[in-house]
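[1] Sequence and computational prediction follow.
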Amino acid sequence: MTSEYRLPTDVRPKHYDLTVWTDLVNSKFDGVVHVDLHVEKTTDTITLNTLDLNLSGVVLHVMITAGNTKKSVEMAASHQVIDKATQRGIFTFPRSIPAGSVARLTIAFDGVLSNSLSGYYRSTGGKDRTIVYSLTQFQATAARKAFPCWDEPALKATFTTTLLSQVGTVNISNMSVRSEELLNATGCVEDGSWLAQKAAELEDLSAWKVTRFETTPQMSTYLVAYANGPFKFKEGSYVSRNGQRKPLRIYATEDYIHQGQYAIDLAEKIMPLYEQLFDLDYPLPKLDFLVVSILGGMENWGLIVGRTSAFLYDPQANNIRLQQYVGSLVSHEVAHMWFGDITTMEWWDYLYLNEGFATLVGEKIVLDRIYRDWKLDARFLSSNFYPARYLDAKLSSHPIEVECPDPDKIVQIFDDLSYCKAASVLRMLADYVGEDKFLKGVSMYLNKHKFKNTVTKDLWDGIQAATHLNIPKMMDNWVKKMGYPVITVTEKANGIFLRQDRFLETGPVTNPKDNETIWTVPLHILTVEANGSTNVDSISLLEEREKFISLDVNRPFKLNAGTSGFYVVKYEDQRLEKLGKQATSPDIAFSLQDRIGLIRDAFALASAGYAPVRGALALLHGLRDSKEYLVVDSIAASLTFLTWTWWEDVRITKLLNAYRGKLFATIVKKMGFDPSSKDTPDERQLRVRAIEQAAEAEDPWVVKELYGRFEHFRKTKDRSQIISELCGITYRIGVQQGGEEAWTFVKCITEKPSNPAEGISAMSALGETREGSLAKETFSLATEDKARAQDVLYYLRGLRSNVKMRRFLAEQVMEHFDELESRFAGMFIFNYLIETAFASLTSHADHKKLTEFFKGKNTAKYELPLRKSLDEINMHALWIDRDSDKLKEWLEEHQG
């Protein structure tokens, strides 16, 4: 990486002594940081990161050795430059600092507690949203917005944090509290210190307290965290392998803290599992969770922060979908305590070393050891594998390991490739080498690089040592190149001929430059013997463009058994038809993952023009009677994909809704509307998915039932008929059918929801209105200044899912683009906003209009989501051109 994007390394931080005063009433903060430095090279200049802060009192203390004597020299900066473009502060001193010197840099700072969701900021919570608190969000490059620092992952240091705040609030940070006392207590502050100066400015010292925390191990700035507010907590603990009992706490506002027990209970179970799996103890003295109104979750070391809807679960709701969601996120963030916090990527190019592992290990491997009946390997396909494949099929994709030169690029790569594709190819590797050996190699990697920074080679070295296989040869192209292959299977008399080419969502590759990569592909060939027994060849690899494999083509066979390989398999039409029949046969041991893979591959190939859409639809139709939730979920996803492509074709939409409405209403009538205490997790989710699909397809019976329940709630305030898992679709149908009265009722719910999940359901439901004036009001709710940034997407995604308002949403975002860009550009939220507004458009005219709209704009802060959206529009437009008549014909044949 060139010095243009990275800080000079003339000096390196060793330790930060950070003190922060928080004023929640006036939304401001100030403080001082003392940084102990190691001078690597003689210099008179110190360069660090800073952004949106006022800096003062820049002083350097240097211990200089002259012969046998040492003397301390104090120097104020003679010149300073604050470069906002590069987010740097450059300080020049009147004399050079000799290499090898011990130095301490002191800088005072102050800033505003904005609602920007980054740096040190303010937010509001509680049922009436009047509770004010402050917290940090430093990933990826926002520690510099809270205090001046060397804000790069590889520049690790230790941190001692002190927080000065109002009495009656709670202070939390990465480490345990060392002491807490009133500001006016005897000996609380040292004469002449920054705290003493601050105390002199305050009127009532008894109204303020000082909380001092223990010193951290070496860590990156983006993992530093602290928060202040009127929080309550629940507490648990677990016993570490060394016999030490370590406390676990979850903090939240008083109205929601009772829903935090599930997260603590789960943490008590998974913390020992992580220590055992990786032969590495959690090194901090405690682990806290802070649950507040933010966007997503953040793995701060020792202080995980998460959104209320992501970390709170009310067992009384009996909502399996929400329980799985919260469980996955809690385990994902806990996984980061090892992947990212103990061992940290060297630079953001290697983000996947954090996120890919937290996704695979946290959401599947560890959680599966607790919830076997959740079928997490199969669930992984729909939650991670296919979202990654969908994105990676675009020309606008990027490699998992991708160059991130600056903050604008870094914030855009927190996507399904860094998370989901990384997790998927690591799952493929684990399946090939064996999960036990894979985890052993990962353990070796973590232990060797404890408290250090890593690159891809370090991971491969660990797994190679455990497996004695050439891991770089197998895996480098999967992480260093974009895309993945389609394996075309051509049957011969005595075997199969295989060929790999890059798979693109727009059809077979036409530009040779787009088809240069040869992947090492684990084939996992499943064959069925004459006696009915099955065998999986888990050794064979496709390491070249083409290869012949000997096998009996007269017997059933299937590539990619278990759908562990990150690729698409294209069979001949007759073979696909046979596989469809064999997938439902009790005599052939196809796994749940195999059935899911067949459906998803068929539709991927059809949507991209590699195979006829009739074949995909026939396969789906043959599996329509499945009672397996995740197979039905794949059918639902495929039909939804069709409806989101042909949403402006009235005739095809009507035919599609008739087909899926009948399919899913039949399931609902068999299972009933209300859950039973005897339901398995599969049955419960199957019922919910079927009701949602039937309602979206406008099935009259299902819509009437949901609307009746909504109206009962609206008129009586009795919510007993609202099934927790169906809250979202019930409110959507209510707003669709009930006009302004229903919309106003749901708007009131957004202001005072009974739980965080209900609040999200209500915000999304407002966008389902059929009235233009209410759609405008919904857009205003999302974009007005007083709207919380973390809520914006829920309103907008509601408008996007409403086919009558989808185009309205795109037009409104273009009309208000300058103000939205000014408010959100450079934040994670803006990437999602771009995709929400534009990626669901489907015509060539839309593509042209959007291209013209952004022509001449500086798109550096959102280049990737914009390119992705344009590719998405192009893919849909080409599919419509190619298959409209064929789709209409098949649907007409299968009505009734």
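    Thanks, I have the structure now.

[2] tell me the phi and psi of the residue nearest to residue 296 when sequence neighbours are not counted?
    Spatial nearest neighbour of residue 296, chain neighbours left out: residue 307 (6.1 Å); criterion: Cβ to Cβ, 6 or more residues apart in numbering. To be clear about C-beta, it is placed using only N, CA and C from the backbone, and glycine gets the same treatment. Main-chain dihedrals, residue 307, degrees, to the nearest 10: phi -70, psi 150.

[3] Residue 307 touches residue 292, doesn't it?
    Yes: here residue 307 reaches residue 292: they are 7.4 Å apart, a contact under Cβ atoms under 8 Å.

[4] Which residue of the two possesses the greater neighbour count?
    Comparing residue 307 with residue 292 by other Cβ atoms under 10 Å, the one with more neighbours is residue 292, at 24 against 19.

[5] close enough to count as contact, that one and residue 137?
    No: using Cβ under 8 Å as the test, residue 292 is too far from residue 137 to be in contact (10.4 Å).

[6] So for residue 860, what's the pLDDT?
    As predicted, residue 860 sits at a pLDDT of 89.

[7] That one: neighbour count?
    Counted with other Cβ under 10 Å, residue 860 comes out at 12.

[8] Over to residue 115?
    There are 15 residues near residue 115, going by other Cβ under 10 Å.

[9] Do you have the helices of the stretch 51-200 of the chain handy? List them.
    Listed in chain order, the helices of the stretch 51-200 of the chain (DSSP state H, counting those that start in this stretch) span 194-201.

[10] circling back to that earlier point, show me what contacts the residue nearest to residue 296?
    Contact analysis of residue 307 by Cβ atoms under 8 Å, 6 or more residues apart in numbering lists 291-297, 756, 790.

[11] Distance of it relative to residue 401?
    29 Å (Cβ to Cβ, to the nearest Å).

[12] repeat for residue 266
    For residue 266 relative to residue 401 (Cβ to Cβ), the value is 31 Å.

[13] With residue 561 instead?
    28 Å.

[14] Between those two, tell me which one has more neighbours.
    Neighbour tally, residue 561 and residue 401, criterion other Cβ under 10 Å: the higher count belongs to residue 561, 26 against 22.

[15] so that one makes contact with residue 528?
    No: Residue 561 is beyond contact range of residue 528, at 11.2 Å (criterion: Cβ under 8 Å).

[16] any idea whether residue 209 is helix, strand or coil?
    At residue 209, secondary structure determined by DSSP: H, G, I helix; E, B strand; the rest coil is strand.

[17] What confidence value was assigned to it?
    Model confidence at residue 209 (pLDDT) stands at 95.

[18] One more: residue 2?
    45.

[19] Please apply the same query to residue 315.
    82.

[20] Test my guess that it contacts residue 265.
    No: applying Cβ under 8 Å, one finds residue 315 not in contact with residue 265, separated by 9.7 Å.

[21] Please say which of these two ends up with more neighbours.
    In terms of neighbours (other Cβ under 10 Å), residue 265 is the more surrounded of residue 315 and residue 265; the figures are 15 against 11.

[22] so how far is residue 427 from the more buried one?
    27 Å.

[23] for residue 277, same thing?
    The value you get for residue 277 to residue 427, if Cβ to Cβ is used, is 15 Å.

[24] higher neighbour count, the two?
    A direct count of neighbours by other Cβ under 10 Å for residue 277 and residue 427 places residue 427 higher, at 27 against 19.

[25] For that one, give its distance to residue 498.
    Distance from residue 427 to residue 498, by Cβ to Cβ: 22 Å.

[26] same question, residue 216
    Counting by Cβ to Cβ, the gap from residue 216 to residue 498 is 52 Å.

[27] got it, and residue 682?
    35 Å.

[28] Same question for residue 187.
    In this structure, residue 187 and residue 498 are 76 Å apart, going by Cβ to Cβ.

[29] Comparing the two, which residue is more hemmed in?
    More crowded of residue 187 and residue 498, by other Cβ under 10 Å: residue 498, with 22 against 6.

[30] Can you classify the more buried one as helix, strand or coil?
    strand.

[31] Please tell me how far it sits from residue 486.
    Residue 498 is 11 Å from residue 486, by Cβ to Cβ.

[32] How about residue 589?
    Applying Cβ to Cβ to residue 589 and residue 486 gives a distance of 26 Å.

[33] How about stretch 473-482, which residues are buried there?
    Neighbour counts over stretch 473-482 (16 or more other Cβ atoms under 10 Å) mark 474-479, 481-482 as buried.

[34] related to what we said a few turns ago, what touches both of residue 561 and residue 528?
    Applying Cβ under 8 Å, 6+ apart, one finds that no residue jointly contacts residue 561 and residue 528.

[35] so residue 323 sits right up against residue 312, yeah?
    No: between residue 323 and residue 312 there is no contact, the gap being 11.1 Å when judged by Cβ under 8 Å.

[36] Of those two, which one has the most company?
    residue 312 (25 against 20).

[37] Tell me how many other residues surround the residue lying closest to that one once chain neighbours are set aside.
    Distances taken as Cβ to Cβ, 6+ apart put residue 259 closest to residue 312, at 3.9 Å, once the chain neighbours are dropped. Residue 259 has 24 neighbours, counted by other Cβ under 10 Å.

[38] Report the contact partners of the residue nearest to residue 108 when sequence neighbours are not counted.
    The shortest distance from residue 108 to any non-neighbouring residue, by Cβ to Cβ, 6+ apart, is to residue 57 (4.1 Å). Each residue near residue 57 by Cβ under 8 Å, 6+ apart is listed here: 32, 106-108.

[39] Thanks a lot, catch you later.
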